[in-house]
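**Student:** Give me the fold of what follows.
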Amino acid sequence: MSSESNDNLILHIGTGAFHRAHQAFYLHQLNQLQSQQQPSEKKWSLVAGNIRNDVEHIMDALRSQNGEYTLETITPHGEHEYTKIQSIKKICKWSPNLEELISVGANVACKIISFTVTEGGYYLDEHDKLVIDNPDIEADIGGGMKTIYGTIVAILEQRQKLNGEAITLQSCDNLRNNGARFCAGLMAFLVLKGNESLKAWIKANTTTPCSMVDRITPRPTADVAERVLKATGFADKCPVMGEAFIQWVIEDHFVNGRPQWQKVGVELVEEVAAYEEAKIRILNASHSCVAWAGTLIGLTYIHEDTANPDIKKFAYQYITDDVIPALSPSPINLEKYRDVVLDRFLNANLKDTNKRVNLDSYSKIAGFIVPTIADSFARGGMPQATALLTALFFRFLEKWIEGIEEFAFFDSTMDEQIVKGFFKSDNPIKAYCSDKLLWGKLSGKKELEQVVREGVEIVDQWLAAQKN
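**Tutor:** Numbers count the residues shown, from 1 in each chain. Sure thing, here's the model as predicted:
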């Protein structure tokens with residue numbers, strides 16, 4: 001497209017519903033504002049691509065609509081708004097060698113490579129060390145492109161060869177300290193590949209700013225397209241939906257320019273940690289809490305879970321008893337943020353499913369929940385409210401092993417045989433609490449086993465009461 005040669009480009013890897021409802025939305029808003037206020041100023045455009053071909057049908061639909069699609073946003077009161085997003089100007093055609101993706105990333109016009117690859121897509125252990133015995137990582141060390149590391153290395157090798165222009169590598173995932181942790185994984189990956197030249201070039205010519213992203217974005221159902229057609233007259237093949245609430249906080253560390261996101265509400269800061277920590281522990285962990293609990297009693301949607309007084313109490317006490325003390329003092333009003341988050345979960349119009357939130361659950365224990373347990377132990381406390389969340393997941397895993405469809409989920413970091421081994425053990429809770437991938441430095445500690453065992457007893461009593 002002609003716009004690809006005229007605009008500054010952002011290549012985004014991992015073009016799912018969240019990206020299209022969040023980062024692409026912000027850039028669309030900015031471009032619309034710029035067209036009104038500074039029409040002669042050079043714009044920024046997105047190029048969308050994926051490492052895997054599992055959503056190529058959606059990419060084909062986007063391609064057929066020249067990258068345009070409709071975003072439906074819904075308030076908790078049921079107010080719908082429709083925006084045609086026009087910030088994606090090119091859709092990379094997937095191929096095993098990711099030819100188009102690499103070509104765009106190596107283009108001198110590309111100033112930023114951003115990505116959403118989920119928590120498990122970073123393949124890091126509790127020490128932020130690359131999990132080198134994972135089959136995907138092993139394949140990429142041998143020259144494959146199954147992971148973000150193998151893909152970024154292929155792009156930057158070509159970029160180094162063609163023009164050597166500096167570029168920002170921007171993580172947009174729900175991962176604490178995401179930019180720095182990605183960078184650590186990338187450096188370790190390059191050491192394993194033995195590519196010292198590229199490693200030195202990356203250190204000199206890239207930055208990896210951390211960010212915090214927030215908007216609940218359910219997988220769109222068929223009725224979204226029906227509502228879009230009725231409201232706009234556009235027969236959209238690939239609409240997305242999201243809540244009205246949106247937030248993006250980014251460390252302002254860009255090496256080769258960036259869009260003026262601050263003009264449309266993005267918060268550009270020097271340090272993102274406080275915002276990131278509050279969001280991960282309060283929103284993300286609570287989201288998993290209500291999803292696990294709701295699934296265990298046969299519910300389907302997040303708003304149904306949160307409307308259950310017991311489940312809402314589980315999440316409320318977790319935040320109030322354990323998270324707020326761990327994060328205080330904070331520049332954020334944590335009590336107010338807690339209440340806003342739980343209200344957002346009650347948005348029945350979103351129809352956000354437990355199944356969606358349950359994805360990557362194994363990674364979420366380590367990333368979202370274990371830090372609060374560790375903080376409580378360090379203060380001499382017993383994190384009973386947080387341990388209840390881990391107990392809910394323990395019973396969730398047990399149902400997953402039984403092959404019940406409602407409990408099916410995917411997590412690239414989970415070793416299925418190890419998990420199945422928990423429940424073949426003479427002491428399943430002890431085995432569960434000894435898994436280093438889940439618990440890190442806490443694995444095998446008696447106080448962890450004790451508090452999780454107490455949590456399982458409470459969960460079992462609650463589940464029994466639900467049957468009566």
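
**Student:** do you know how far residue 365 is from residue 374?
**Tutor:** 12 Å (CB to CB, to the nearest Å). For glycine as for every other residue, the C-beta is placed from the backbone atoms N, C-alpha and C.

**Student:** who has more neighbours, the two?
**Tutor:** residue 365 (22 against 19; other CB atoms under 10 Å).

**Student:** Spatially nearest residue to that one, not counting backbone neighbours?
**Tutor:** Leaving out its chain neighbours, the residue that sits closest to residue 365 by CB to CB, 6 or more residues apart in numbering is residue 438, at 5.1 Å.

**Student:** now the helices for the stretch 251-400 of the chain?
**Tutor:** Listed in chain order, the helices of the stretch 251-400 of the chain (DSSP state H, counting those that start in this stretch) span 273-278, 285-296, 302-307, 309-317, 324-327, 334-345, 354-358, 361-364, 370-378, 384-401.

**Student:** Lowest average pLDDT across these?
**Tutor:** When the helices of the stretch 251-400 of the chain are ranked by mean pLDDT, helix 361-364 comes last with a mean of 89.

**Student:** Pull the distance from that helix to the chain's centre.
**Tutor:** Relative to the chain's own centre, helix 361-364 is displaced by 11 Å; criterion: CA atoms, centre = their mean, to the nearest Å.

**Student:** what helices or strands is that helix leaning on?
**Tutor:** helix 285-296 (3 or more CB pairs under 8 Å, 6 or more residues apart in numbering; DSSP states H and E).

**Student:** How about residues contacting the helix it packs on?
**Tutor:** When contacts are defined by CB atoms under 8 Å, 6 or more residues apart in numbering, helix 285-296 is touched by residues 216, 300-302, 304-306, 308, 310-312, 314-315, 318-319, 323, 341-342, 345, 354-355, 357-358, 361, 364, 368-369, 372, 389, 392-393, 395-396, 399, 406-407, 459, 463.

**Student:** And for stretch 178-193?
**Tutor:** 122-124, 128-130, 132, 137, 140-141, 148-150, 152-153, 169-172, 175, 196, 198-199, 202, 207-211, 251, 253, 276.

**Student:** Among the residues you listed, the buried ones, what's the PyMOL command?
**Tutor:** To isolate the buried members of the contacts of stretch 178-193 in PyMOL, using 16 or more other CB atoms under 10 Å:
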select buried, resi 122+123+124+128+130+137+140+141+148+149+150+152+153+169+170+171+172+175+198+199+202+207+208+209+210+211+251+253+276
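
**Student:** Now intersect the contacts of stretch 178-193 with the helices, please.
**Tutor:** If you go by DSSP state H, the contacts of stretch 178-193 have 137, 140-141, 148-150, 152-153, 196, 198-199, 202, 276 in helices.

**Student:** Next, the buried residues of the helix or strand harbouring the residue nearest to residue 365.
**Tutor:** Residue 438 is part of helix 436-439 when elements are defined by DSSP states H and E. For helix 436-439, burial by neighbour count (16+ other CB under 10 Å) applies to 437-439.

**Student:** Also stretch 320-334?
**Tutor:** By 16+ other CB under 10 Å, the buried positions in stretch 320-334 come out as 321-324, 326-327, 332, 334.

**Student:** can the buried residues of helix 436-439 go into JSON lines with extra columns for distance to residue 283?
**Tutor:** Below are these laid out as JSON lines (distance: CB to CB, whole Å):
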{"residue": "437", "distance to residue 283": "23"}
{"residue": "438", "distance to residue 283": "21"}
{"residue": "439", "distance to residue 283": "22"}
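
**Student:** Residue 220 in helix, strand or coil?
**Tutor:** Here residue 220 is recorded as coil under DSSP: H, G, I helix; E, B strand; the rest coil.

**Student:** so who does it touch?
**Tutor:** Taking CB under 8 Å, 6+ apart as the criterion, residue 220 is in contact with 17, 72, 239-241.

**Student:** What about the residues you listed, which are in helices?
**Tutor:** With DSSP H as the criterion, helices contain residue 17 from among those.

**Student:** biggest separation within the contacts of residue 220, which pair?
**Tutor:** Within those, 17 and 72 form the most distant pair, 11.2 Å apart (CB to CB).

**Student:** so what's in contact with these two at the same time?
**Tutor:** Shared contacts of residue 17 and residue 72 (CB under 8 Å, 6+ apart): 220, 240-242.

**Student:** quick one: least confident of those?
**Tutor:** Ranked by pLDDT, the shared contacts of residue 17 and residue 72 bottom out at residue 220, which scores 91.

**Student:** got the contact list for the nearest residue to residue 134 once chain neighbours are set aside?
**Tutor:** Counting by CB to CB, 6+ apart, residue 134 lies nearest to residue 123, which is 5.4 Å off, once chain neighbours are set aside. Taking CB under 8 Å, 6+ apart as the contact definition, residue 123 lies against 130-131, 134, 136-137, 147, 149, 185, 412-413.

**Student:** quick one, phi/psi of residue 123?
**Tutor:** Residue 123 adopts backbone torsions of phi 50, psi 50, taken as degrees, to the nearest 10.

**Student:** ok, it to residue 137 distance?
**Tutor:** For residue 123, the distance to residue 137 - CB to CB - is 5 Å.

**Student:** Same question for residue 99.
**Tutor:** In terms of CB to CB, residue 99 sits 22 Å off from residue 137.

**Student:** With residue 24 instead?
**Tutor:** To residue 137, residue 24 is 29 Å away according to CB to CB.

**Student:** Could I get the average pLDDT for the longest helix belonging to the chain?
**Tutor:** Using DSSP H, we find that the single longest helix of the chain is helix 446-467. Averaging pLDDT along helix 446-467 yields 97.

**Student:** who touches it?
**Tutor:** Counting by CB under 8 Å, 6+ apart, 296-297, 310, 373, 377, 382-384, 387-392, 394-395, 429-430, 432-433, 439, 442 sit against helix 446-467.

**Student:** Can I get the helices of the stretch 251-400 of the chain in TSV including distance to residue 8?
**Tutor:** Listed next are those as TSV, based on distance: least, CB to CB, whole Å:
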stretch	distance to residue 8
helix 273-278	26
helix 285-296	34
helix 302-307	37
helix 309-317	42
helix 324-327	37
helix 334-345	33
helix 354-358	33
helix 361-364	33
helix 370-378	37
helix 384-401	43
